[in-house]
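Visitor: Here is my input, please return the structure:
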Amino acid sequence: MVKETCRFYEKRFPDKDEVVMVNVRSIAEMGAYVSLLEYDGIEGMILLSELSRRRIRSIARLIRVGRNEAVMVLRVDEDKGYIDLSKRRVSPEDVKACDDKYQKNKAVNSILRHVAELCDAKLEDLYERTAWKLVAAYGTQYEAFRKALTEPEEVMGKLDLDEKTSACLLQQISRRLASQPSKIRADIDVHCWTSEGVEAVKDALRAGIAVGTEAAPVKVNLIAPPLYAVTTMSTDKDEGIKAVNKAVDAIKDRIATNGGSLSVIKEARAINELEEQKLQEEIENEDEVEEEETGENGEVIGV
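Guide: Next up, the predicted model:
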């Protein structure tokens, strides 16, 4: 059976000051134990003092088990296997860059894992003969695989692969990198002070959802009254942004007919995995608050 995981890079450990993606496994008195997703899941720790620049009132609000986090490497002891990490030293720009790098290399990993399964090959050996070998020529393994979409002979000519593995690799690259859907999100503030109130808001949000299409279905999630997130998934980012803007316009027109108003807090834009994760956390936190406030029989306002 093919080993399902492998580090993304030729080096076995991250470098000091490198920003890496981790998954939170458990929370202890000293900090949070995590697995480094790009380095075959080896263990590291985010020290309690490195979780936030501010005074820590609740660890649960800063970090959650099962979530992915972008963190900075403080120390690496390869002999003892200790890796100390920091969340508070990572800037928003670092988070965005780290997530972009992680998503691209995760796509490469997925491609190679499937090729290894189909061709009964060892995953690490396949990395050595393909992705890691191509970094020198193309800068990153992801860019090398993207290049293979348009110039397959040039890229594949640099590799020592048998005909079956080569054909399988190209097929998987074409299938997984040709078109990847983007998640588009806009944040809006919806108010209605007339007697229709809550029902008018619900009706307006449904009007926004209704403009979605099969290619770009629209969803509306309650973040915290009166803030809502309008989202869609689309393989064409521009079309996705158009769909979300159309939904926002539909909500705005409908709520205006009932004496309400809509303000755009953040324009429609593509969001990455960590932003999507943050959105989910906001929704979950709001659900918890609503459960506390309404009880089992209370009505939850949302769409």
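Visitor: how does this structure divide into domains?
Guide: What automatic domain parsing lists as the domains of the chain is 19-88, 94-177, 182-290.
Visitor: now the helices: where do they sit in the chain?
Guide: For the chain, the helices defined by DSSP state H cover 59-62, 92-119, 123-129, 131-138, 141-150, 152-156, 163-177, 197-210, 237-257, 273-294.
Visitor: among those, which is nearest M30?
Guide: helix 59-62 (11.3 Å; Cβ to Cβ). Bear in mind the C-beta positions are built from the backbone N, C-alpha and C, glycine included.
Visitor: got any ranges where the stretch 201-303 of the chain has weak pLDDT?
Guide: 279-280, 282-303 (pLDDT under 70).
Visitor: on that earlier part again, will you turn the domains of the chain into TSV that also has mean neighbour count and distance to R7?
Guide: Output for the domains of the chain, formatted as TSV (neighbours: other Cβ atoms under 10 Å; distance: least, Cβ to Cβ, whole Å):
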stretch	mean neighbour count	distance to R7
domain 19-88	16	4
domain 94-177	17	8
domain 182-290	17	19
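Visitor: Make CSV from these and add distance to E10 to it.
Guide: Conversion of the domains of the chain to CSV gives the following (distance: least, Cβ to Cβ, whole Å):
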stretch, distance to E10
domain 19-88, 11
domain 94-177, 4
domain 182-290, 24
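Visitor: on that earlier part again, could you export the helices of the chain as CSV, including distance to K183?
Guide: Shown next, in CSV, are those (distance: least, Cβ to Cβ, whole Å):
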stretch, distance to K183
helix 59-62, 24
helix 92-119, 12
helix 123-129, 29
helix 131-138, 26
helix 141-150, 19
helix 152-156, 29
helix 163-177, 17
helix 197-210, 16
helix 237-257, 8
helix 273-294, 6
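Visitor: And these: which comes nearest P226?
Guide: helix 197-210 (7.5 Å).
Visitor: chain center to that closest one, what's the gap?
Guide: Distance, stretch centre to chain centre, for helix 197-210: 28 Å (Cα atoms, centre = their mean, to the nearest Å).
Visitor: Go through the helices of the chain and name the closest to V20.
Guide: Ranking the helices of the chain by proximity to V20 (Cβ to Cβ) places helix 92-119 first, at 6.9 Å.
Visitor: pLDDT on the closest one, on average?
Guide: In this model, helix 92-119 has a mean pLDDT of 93.
Visitor: Please shift the residue numbers so they start at 430 in all later answers.
Guide: From this message on, residue numbering opens at 430, which makes the last subject helix 521-548.
Visitor: Export stretch 628-648 to PDB, keeping only CA atoms.
Guide: Output in PDB follows, covering the C-alpha atoms of stretch 628-648 (Å, rounded to 0.1, in the frame of the first residue of the first chain):
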ATOM      1  CA  GLU A 628     -39.000  39.200   8.100                       C
ATOM      2  CA  ALA A 629     -38.000  41.900   5.700                       C
ATOM      3  CA  VAL A 630     -34.300  41.100   6.200                       C
ATOM      4  CA  LYS A 631     -34.900  37.400   5.600                       C
ATOM      5  CA  ASP A 632     -36.900  38.200   2.500                       C
ATOM      6  CA  ALA A 633     -34.100  40.400   1.100                       C
ATOM      7  CA  LEU A 634     -31.500  37.800   1.800                       C
ATOM      8  CA  ARG A 635     -33.500  35.100   0.000                       C
ATOM      9  CA  ALA A 636     -33.700  37.400  -3.000                       C
ATOM     10  CA  GLY A 637     -30.000  37.500  -3.100                       C
ATOM     11  CA  ILE A 638     -29.700  33.800  -2.900                       C
ATOM     12  CA  ALA A 639     -32.200  33.400  -5.700                       C
ATOM     13  CA  VAL A 640     -29.900  35.100  -8.300                       C
ATOM     14  CA  GLY A 641     -27.300  32.400  -7.900                       C
ATOM     15  CA  THR A 642     -26.800  30.000 -10.800                       C
ATOM     16  CA  GLU A 643     -25.600  26.400 -11.100                       C
ATOM     17  CA  ALA A 644     -22.200  27.600 -12.100                       C
ATOM     18  CA  ALA A 645     -22.100  30.100  -9.200                       C
ATOM     19  CA  PRO A 646     -24.600  29.300  -6.400                       C
ATOM     20  CA  VAL A 647     -25.000  32.000  -3.900                       C
ATOM     21  CA  LYS A 648     -25.100  31.500  -0.100                       C
END
